[in-house]
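J.: Show me the folded form of this:
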Amino acid sequence: MLQLKKTSEEAGVTIVTGDTKVVEKDKVDGVFINTSGIGIIAHSLKDIIKSGDKIIITSNIAEHGTAIASSRYGLEVIGDIKSDVAPLNDLISVLWDYREYIRLLKDPTRGGVAQCFNEIASKYSVGLNILEYKIPIRKEVKALNGIIGLDPYYLASEGVMVLIADGPMAIDIVQQLNKDEKYKNAAIIGEVTEGHKKVVLENSHGGKHVLRELEGVMLPRIC
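T.: Residues are numbered from 1 along each chain as shown. Got it, this is the predicted structure:
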């Protein structure tokens, strides 16, 4: 609870309510935390994303989901992988001067970046061309998921944000992010297209495949 207090003060938010959950006996020894944000969209979101807009990610992916998986399967000794959970409201102040060039912010939590990309493509009727080799991911995360048999693109990232930004300003936005230690690995990882309505992943050899929406339940299902 002290950590909850510290984090809420750091993020500048107020805890206003609580709830209870029923779980199996002796299965949980801590506190469940669930959050909701309330706000008003000041303008229409229709047609805000355009062909040529760049896709930016703020940090390494899949570390939260991988940390949970490594704990669940008793593999904590493989690499120093910790949850990336962190407040992201400071991102607004970091990017405030570029706000008119940012089309969209979206968190890649449940379903990971794969689900995040597919939801954007579906909602805004656009295609996303993603450069796989540009996605920041630690080699330890890749290795551990290879052992477990999980796809890191579908694992939750709790301290990461996906941005869609104006193409010509994308490099400036990434450079601004990189000035902050928290976002030092931010990178442009792809581009919006109107040539198709899918999420297409391209590897370093030029090979391409469709990154599909999450089907069923991929463990660990914790956000």
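J.: Only C-alpha atoms from now on, for both contacts and neighbour counts.
T.: OK.
J.: relative to its centroid, which residue of this protein is most remote?
T.: If you look at how far each residue of the chain sits from its centre, by C-alpha atoms, centre = their mean, the farthest one is Lys25, at 32.4 Å.
J.: distance of that one from Leu75?
T.: 25 Å (C-alpha to C-alpha, to the nearest Å).
J.: Same question for Ser122.
T.: Plainly put, Ser122 is 36 Å away from Leu75 if you go by C-alpha to C-alpha.
J.: go on, Glu191?
T.: 36 Å.
J.: Repeat that for Tyr183.
T.: From Tyr183 over to Leu75 the distance is 27 Å, taken as C-alpha to C-alpha.
J.: same thing with Lys50?
T.: Plainly put, Lys50 is 43 Å away from Leu75 if you go by C-alpha to C-alpha.
J.: Neighbour count: the two, which is higher?
T.: For Lys50 against Leu75, the residue with the higher neighbour count under other C-alpha atoms under 10 Å is Lys50, and the figures read 19 against 15.
J.: for that one, helix, strand, or coil?
T.: coil (DSSP: H, G, I helix; E, B strand; the rest coil).
J.: wait, what's in contact with the closest residue to it other than its chain neighbours?
T.: Of all residues not flanking Lys50 in the chain, Val192 sits nearest, at 6.7 Å (C-alpha to C-alpha, 6 or more residues apart in numbering). Val192 makes contacts with 49-55, 126-129, as judged by C-alpha atoms under 8 Å, 6 or more residues apart in numbering.
J.: if you set the cut-off to 10 Å instead, what comes out?
T.: For Val192, the contact set (C-alpha atoms under 10 Å, 6 or more residues apart in numbering) comprises 49-55, 121, 126-130, 164-165, 167, 199.
J.: ditto for Pro152
T.: By C-alpha under 10 Å, 6+ apart, the residues touching Pro152 are 61-63, 65-66, 111-114, 137, 141-142, 144-146.
J.: can you check Gly195 too?
T.: If you count contacts by C-alpha under 10 Å, 6+ apart, Gly195 has them with 51, 126-129.
J.: run the last query once more with 8 Å
T.: Gly127.
J.: How about the helix or strand that contains Ala67, which residues are buried there?
T.: If you go by DSSP states H and E, Ala67 is part of helix 63-72. For helix 63-72, the neighbour count (16 or more other C-alpha atoms under 10 Å) marks 63-70 as buried.
J.: So Leu163 is in contact with Asp53, correct?
T.: No - checked against C-alpha atoms under 8 Å, the pair Leu163 and Asp53 is beyond contact range at 9.9 Å.
J.: Could you check which of these two has the larger neighbour count?
T.: Higher neighbour count among Leu163 and Asp53: Asp53, with 24 against 21, using other C-alpha under 10 Å.
J.: how many neighbours does the nearest residue to that one once chain neighbours are set aside have?
T.: In this structure, Asp53 finds its nearest non-sequential neighbour in Gly167, 4.4 Å apart by C-alpha to C-alpha, 6+ apart. Applying the criterion other C-alpha under 10 Å, we find 18 residues in the vicinity of Gly167.
J.: mind listing what Gly167 touches?
T.: Residues 52-54 are the ones in contact with Gly167 under the rule C-alpha under 8 Å, 6+ apart.
J.: Make CSV from the residues you listed and add distance to Ile92 and pLDDT to it.
T.: Converted to CSV, the contacts of Gly167 look like this (distance: C-alpha to C-alpha, whole Å; pLDDT from 0 to 100):
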residue, distance to Ile92, pLDDT
Gly52, 23, 97
Asp53, 19, 98
Lys54, 18, 98
